[in-house]
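Chemist: no sequence on hand, only this structure:
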């Protein structure tokens, strides 16, 4: 079965290598075009393997569409694609196109499907391999896998330790099912669907008056992107690696309780937040203790 692969970054590269290891007949790859001398990992891997590569954005042009169609693929695999692909391109392969999505569809449709389950305080999520259609993550399901969300797990940890390796395995399994003629098309229950907007700066602001677990979920769900943020002396500060304890201490939410070389503690509405890594606006991420020393953070100071 002739297969094409669309994707990018480390996940696209990992799927590419897995399909090659499984002796799948890959005939071409689509990935973001190089920027100067910098090549996307999937683009570079395909070139190293001697396979043709077509820039993903060119699939919106007549020339790109024609080149992709002439490959004569029977199946297209979408591993991690951020561009909107024309529906006609998805229909070129005789057996169709399958796509990876990091949530249990129809839950969490959209581009921030990994952020919102954590922000919402959910304890389980998963991935879906589905047959894309003209809607946003609305196509029939081929395969799904579930995974727990740990109480201290960040979005980055959930992706790299759970959804990334599970996704590589699930796509490989799905390709095998299609090849064997055993791949289902299970319609989604659209009445159960949820769709959240892309998680951005406007969603990521910390409001210290909210319950401690709500704030902690926001910080975890925005780590590493977009980064939950607060203000100190009217300057933006993003909080990344943190730990929440249920310890009760007096004071207003957002007040600094302790400062040391490792980091600092902030009083919460129902707990204490230990902050270990931060990022001042316009600077790189750094240990919270080092930032506190530079910024002159003192006990009883309050974050905005």
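Modeler: Arrived safely. Since we're looking at a predicted model, the values are computed, not measured. Numbers count the residues shown, from 1 in each chain.

Chemist: confirm residue 17 sits in a helix?
Modeler: Yes: applying DSSP: H, G, I helix; E, B strand; the rest coil, one finds residue 17 inside a helix.

Chemist: contact partners for it?
Modeler: residue 45 (C-beta atoms under 8 Å, 6 or more residues apart in numbering). In short, each C-beta sits where N, CA and C put it, glycine included.

Chemist: and the pLDDT at it?
Modeler: Listed pLDDT for residue 17 reads 98.

Chemist: do a quick rundown of the strands in the stretch 201-304 of the chain.
Modeler: Counting by DSSP state E, counting those that start in this stretch, the stretch 201-304 of the chain has strands at residues 228-232, 235-239, 242-245, 256-259, 264-268, 271-275, 277-280, 286-287.

Chemist: mind giving me the packing neighbours of the second one?
Modeler: Judged by 3 or more C-beta pairs under 8 Å, 6 or more residues apart in numbering; DSSP states H and E, strand 235-239 is in contact with strand 228-232, strand 277-280.

Chemist: repeat that for the first one.
Modeler: Packing partners of strand 228-232 (3+ C-beta pairs under 8 Å, 6+ apart): helix 212-221, strand 235-239.

Chemist: and it, how far out from the chain's middle?
Modeler: 22 Å (C-alpha atoms, centre = their mean, to the nearest Å).

Chemist: that strand: which residues count as buried?
Modeler: Buried residues in strand 228-232, counted by 16 or more other C-beta atoms under 10 Å: 228, 229, 230, 232.

Chemist: same question, stretch 84-98
Modeler: Those would be 85, 89, 90, 92, 93, 95, 96, 97, 98, for stretch 84-98 by 16+ other C-beta under 10 Å.

Chemist: between those, which sits nearest residue 218?
Modeler: The shortest approach to residue 218 among these belongs to residue 85, at 32.1 Å (C-beta to C-beta).

Chemist: for residue 46, what is the enclosing helix or strand?
Modeler: helix 41-48 (DSSP states H and E).
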